[in-house]
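In: Next comes the sequence, and after it the predicted model I'd like to discuss.
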Amino acid sequence: VGSTKNRRKHIKNSFLLGSSIALGTSSCDEPKTDLKARTNKKLKTHKWKMVTTWPKNFPGLGTGANKLAKYIEDLSDGRISLKVYGASELVPALGVFDAVQRGSVQIGHGASYYWQGRHPATSFFASVPFGLNAHEMNAWIYYGGGQELWHKLYKPFGLLSFPAGNTGVQMGGWFNKKINEPRDFKGLKVRMPGLGGRVLSKLGATVVTLSGGDIFQALKTKNIDGSEWVGPYNDLAIGLHKAAKYYYTPGWHEPGTCLEALINKKAFNELDDHLKSCVELACKAANQDMMSEFTLKNSLALSEVVKNKEVEILRFSDSVLSVLKETSNSVVKDISEHDEISKEIYDSFKNFKEACMDWDKASEHSFSLARQVKSAK
Ligand code: CA
């Protein structure tokens, strides 16, 4: 009995060790040796610093960066340890790209359109006006050739990037004056960064740059007539519902903003294959997690806005949207003329978008309308 018991125990242990010696085969000596070598080898560990374009622990965005760091540490069993820095703790918000490129830090969390000054085509990997919504962005990047183009764009900078969060479609912004016609933008002073701002300035608005922390005061004191920020979750967090009366939808300028994990390529290449996988999978998890959080918290915050009698939620009219779209298309097309890689990215993005639009109409859009059909009773 004892010897049968011992043999069973031996078989069990052999299975756990990945060996089939106990089954009488000898062809698996090699994996056993490999495993032994791996377990005996002291595995290399890495200390990374993460800089971010967000204030430390900023709801959704800063906390999203913290989660990404935790996922990397957990998946790698602590072999990559990370210290996260909020904007200005180590480098200013807009210094993230340079810091990661220099290699003084290994990773950054932000949005690629902040680096338009380094290369205009970076915008395609965050959001462009009238571009892709969140799940279409993921589809383009993961399956539609977007990731390869992103790597190609960042290669000369010694960087690589993965999606690591998404805010979903943003809101069109808070205004103190109604926008009924495209000409109503003329003469307005509006805070809208990036390509959306370029569109509004073509329509005659004066576009100003203000950081998130300065919007409330400027809007409240009527120093500006309107501002976009993110969506209800983040907008209420900085009090914009107490600064302007009209809340416009949709965020035509940011239909599904993808956030990035920007990584120094040399630091990434120092990781073994397992750790590289850990980083990539952690980014995917962070990407999904942020989208889920924004969906819930935007929904809860919007219901607060709906109850607020001081605020009116309005949709830009089709005549306004039509001019915004036409102007946006020409602003986005301008980027394609910058250089060869910009043209390649623009073509890939545009073809993907055109292919998506019929499916969106038949699926999400059609279902969304169906869900709002009034009950017969
Ligand atoms: Ca925004």
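Out: Great, that's in hand. Numbers count the residues shown, from 1 in each chain.
In: what's in contact with stretch 360-372?
Out: 133, 136 (C-beta atoms under 8 Å, 6 or more residues apart in numbering). For every residue, glycine as well, the C-beta is placed using N, CA and C.
In: what comes up buried for it?
Out: residue 360 (16 or more other C-beta atoms under 10 Å).
In: Use 38 as the first number from now on
Out: Will do, 38 is the new start, and the previous item becomes stretch 397-409.
In: From the chain's centroid, how far away is that stretch?
Out: 24 Å (C-alpha atoms, centre = their mean, to the nearest Å).
In: For the residue nearest to residue 209 when sequence neighbours are not counted, give its distance to the ion.
Out: Excluding its sequence neighbours, the residue lying closest to residue 209 (C-beta to C-beta, 6 or more residues apart in numbering) is residue 285, at 3.6 Å. According to C-beta to the ion, to the nearest Å, residue 285 and the ion sit 13 Å apart.
In: what about the closest residue to residue 276 other than its chain neighbours, which helix or strand?
Out: Excluding its sequence neighbours, the residue lying closest to residue 276 (C-beta to C-beta, 6+ apart) is residue 253, at 4.9 Å. When elements are assigned from DSSP states H and E, residue 253 belongs to helix 249-257.
In: packing partners for that helix?
Out: strand 226-228, strand 263-264 (3 or more C-beta pairs under 8 Å, 6 or more residues apart in numbering; DSSP states H and E).
In: Pick the most buried one from those.
Out: Mean neighbour counts were taken over the helices and strands packed on helix 249-257 using mean count of other C-beta atoms under 10 Å, and the top value, a mean of 24, falls to strand 263-264.
In: List of residues touching it?
Out: Applying C-beta under 8 Å, 6+ apart, the set of residues contacting strand 263-264 is 210-214, 225-229, 247, 252, 255-256, 277, 281.
In: out of these, which is most surrounded?
Out: Using other C-beta atoms under 10 Å as the neighbour criterion, residue 210 leads those with 28 neighbours.
In: what number of residues lie near the closest residue to it other than its chain neighbours?
Out: The shortest distance from residue 210 to any non-neighbouring residue, by C-beta to C-beta, 6+ apart, is to residue 265 (3.6 Å). Using other C-beta under 10 Å, residue 265 has 26 neighbouring residues.
In: Would you enumerate the residues in contact with residue 265?
Out: Contacts of residue 265 by C-beta under 8 Å, 6+ apart are 207-211, 227-229, 233, 288, 290-291.
In: and stretch 264-278, which residues are buried?
Out: 264-275, 277-278.
In: Filter these down to just the ones in helices.
Out: 269-274 (DSSP state H).
In: Any chance of JSON lines for these, columns pLDDT?
Out: Output for these, formatted as JSON lines (pLDDT from 0 to 100):
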{"residue": "269", "pLDDT": "98"}
{"residue": "270", "pLDDT": "96"}
{"residue": "271", "pLDDT": "95"}
{"residue": "272", "pLDDT": "96"}
{"residue": "273", "pLDDT": "96"}
{"residue": "274", "pLDDT": "93"}
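In: ok, so of these, who is nearest the ion?
Out: Proximity of these to the ion (C-beta to the ion) peaks at residue 271, which lies at 8.6 Å.
In: Thought residue 99 was touching that closest one, still the case?
Out: No: because the distance of 10.8 Å does not satisfy C-beta atoms under 8 Å, residue 271 is recorded as not touching residue 99.
In: Show me which residues of the stretch 238-387 of the chain are close to the ion?
Out: Within the stretch 238-387 of the chain, the positions adjacent to the ion are residue 291 by C-beta under 5 Å from the ion.
In: Hmm, residue 273 and the residue nearest to residue 276 touching each other?
Out: No: Residue 253 lies out of contact with residue 273 (C-beta under 8 Å); the separation is 11.0 Å.
In: pLDDT below threshold where in this structure?
Out: 38-77 (pLDDT under 70).
In: what do you get if the cut-off is 90, keeping everything else the same?
Out: 38-79, 230-231, 246-250, 412-414 (pLDDT under 90).
In: helices or strands up against the longest helix along it?
Out: Secondary structure of the chain read by DSSP H shows that its longest helix is helix 310-344. Packing partners of helix 310-344 (3+ C-beta pairs under 8 Å, 6+ apart): helix 99-112, strand 117-122, strand 196-203, helix 269-274, strand 295-301.
In: Mean neighbour count, those: which tops it?
Out: Of the helices and strands packed on helix 310-344, strand 295-301 is the most buried (mean count of other C-beta under 10 Å), at a mean of 28.
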